[in-house]
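J.: Sequence first, predicted model second:
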Amino acid sequence: MSDMNKQTKLLSTTENDIQTAAGILKNGGLVCLPTETVYGLGANALNETAVKNIYKAKGRAADNPLIVHIAKFDDIYPLVKNINRKARVLAEKFWPGPLTMIFEKSDKIPPAVTCGMDTVAIRMPSHPIARKIIEKSGLPIAAPSANISGGVSPVTAAHCYDDLKDRVDAVIDGGECEVGLESTVILMVGDTPRLLRPGFVTAEQIEAQIGKIIIDSAILNPLDKGQKVLSPGMKYKHYSPKAKVIIIDADDEKYYSYVNQVEGENIFALCYDEDVSHINKKCLTLGKHNDNESAANRLFYNLHQFDLMGADKILARLPKTDGVGLAVVNRLLRSAGFEVVKL
Ligand code: TXA
Ligand code: MG
């Protein structure tokens, strides 16, 4: 396909390069840009052709809608119909930042962004480079994670470039993403908001602001056959490195003896700092056992590292599910296709 043979420019974060990126977006092109969560594959959200090119570049299913990114709160008004009180409270508290809210969409949003749904997901990122590019372009920017669909989301420019070179017009190198996994997604339509995807902004933090929310059951459970999903992204295979990931739900001793008895080459452990000295395999760690934020930050980075190391199998320790841990477990379960060994 002709648009799969682009000359991908590698850009830095100078004013000049940011201007170049904004220009590409205004002209309907595709730019990978850093955000505080993961790198995004951005296009003008109001340009239907540009938006369709996002799906082509990623190989993304045509029924998995995109998040629209804005630089300041006022930019939301033309894009949505109603902003209820709870949404305003959350925006006040968590924007700019790693929270995406879903609203009824306005007619300005082309159907390709929402896959024909009557709602649209909106996020105001906090990353200074993302914000500058959005501001300079003067446009709302549709951006899914900048990876081929099904793979591990990118947290460095090299991750984007390796996946999407020749498929996008430019990649901006803004260093490593601080959060390391995607934003929290919450549906704000209806009386009780519903958490669709956990992220760095936790369910606990949201409830402290607006009271009880519903935690969608698809966050920690595989979908039943034919089950209706509220967030289409939940039904696809996701976050899969080349290696097979197996999650082990066990206490220290049982985890160590399970990992140590597995034979074969290129088998690695994804565990915690405290575990390393007990394990006879090469390990990458998620940090200290009680540090969920470090786990969030390192999960995708390490899954990319395992691919570079040629891993065939990754024996991952089941993380804790409190706070940001819920997001870590949600992503890890999907990368393992929900394969959990319970000991
Ligand atoms: O942190 C993030 O959110 C990153 C950065 C680039 O901002 N973006 C991101 O986009 O993770 P993506 O496309 O990889 O994930 C968006 C998720 C998908 O699961 C999609 O199904 C869901 O949000 N989504 C988008 N619009 C929706 C809608 N109207 N209703 C329900 N779910 C929606
Ligand atoms: Mg994604």
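T.: Happy to help now that I have it. Ligands and ions are numbered 1, 2, ... in the order given.
J.: got a list of what the one residue in the stretch 51-200 of the chain that gets nearest to ligand 1 touches?
T.: Per CB to the nearest ligand atom, the residue of the stretch 51-200 of the chain with the smallest distance to ligand 1 is Pro144, at 2.9 Å. Just so you know, the C-beta spots here come from the backbone N, C-alpha and C atoms, and that holds for glycine as well. For Pro144, the contact set (CB atoms under 8 Å, 6 or more residues apart in numbering) comprises 40-41, 54, 58, 60, 64, 66-67.
J.: confidence score at Gly233?
T.: pLDDT, Gly233: 70.
J.: my read: it touches Arg197, true?
T.: Yes - counting by CB atoms under 8 Å, Arg197 is a contact partner of Gly233 at 7.1 Å.
J.: quick one, phi psi at Val245?
T.: Val245 adopts backbone torsions of phi -100, psi 130, taken as degrees, to the nearest 10.
J.: Tell me how many other residues crowd the residue nearest to it when sequence neighbours are not counted.
T.: In space, and not counting its chain neighbours, Val245 is closest to Ala336: 4.1 Å by CB to CB, 6 or more residues apart in numbering. Neighbours of Ala336 under the rule other CB atoms under 10 Å: 19.
J.: In contact with Ala336, which residues are there?
T.: Contacts for Ala336 (CB under 8 Å, 6+ apart) come out as 245-247, 316.
J.: Can you tell me which of those residues is closest to ligand 1?
T.: In terms of CB to the nearest ligand atom, no member of those lies closer to ligand 1 than Val245, at 18.8 Å.
J.: Specify the beta-bridge partners of that closest one.
T.: Ile314 (DSSP bridges).
J.: Could you report the pLDDT at it?
T.: Per-residue pLDDT puts Val245 at 96.
J.: do the same with Asn221
T.: On the pLDDT scale, Asn221 gets 85.
J.: what do you get for Arg85?
T.: 97.
J.: Check Lys225 too.
T.: So, for Lys225, pLDDT stands at 68.
J.: ok, now Thr285?
T.: 98.
J.: cool, the one 3 residues further on as well?
T.: For Lys288, the pLDDT comes out at 97.
J.: before we move on, what SS does it have?
T.: coil (DSSP: H, G, I helix; E, B strand; the rest coil).
J.: For burial, what's the neighbour tally of the residue lying closest to it once chain neighbours are set aside?
T.: Of all residues not flanking Lys288 in the chain, Asp273 sits nearest, at 5.2 Å (CB to CB, 6+ apart). Number of residues near Asp273 (other CB under 10 Å) recorded here: 14.
J.: check contacts around Asp273.
T.: Counting by CB under 8 Å, 6+ apart, Asp273 makes contact with 285, 287-289.
J.: what about 7 Å?
T.: Listed by CB atoms under 7 Å, 6 or more residues apart in numbering, the contact set of Asp273 reads 285, 287-288.
J.: Which one of these is nearest to ligand 1?
T.: Gly287 (20.5 Å).
J.: How about the backbone phi and psi for that closest one?
T.: Phi and psi for Gly287, reported as degrees, to the nearest 10, are phi 100, psi -160.
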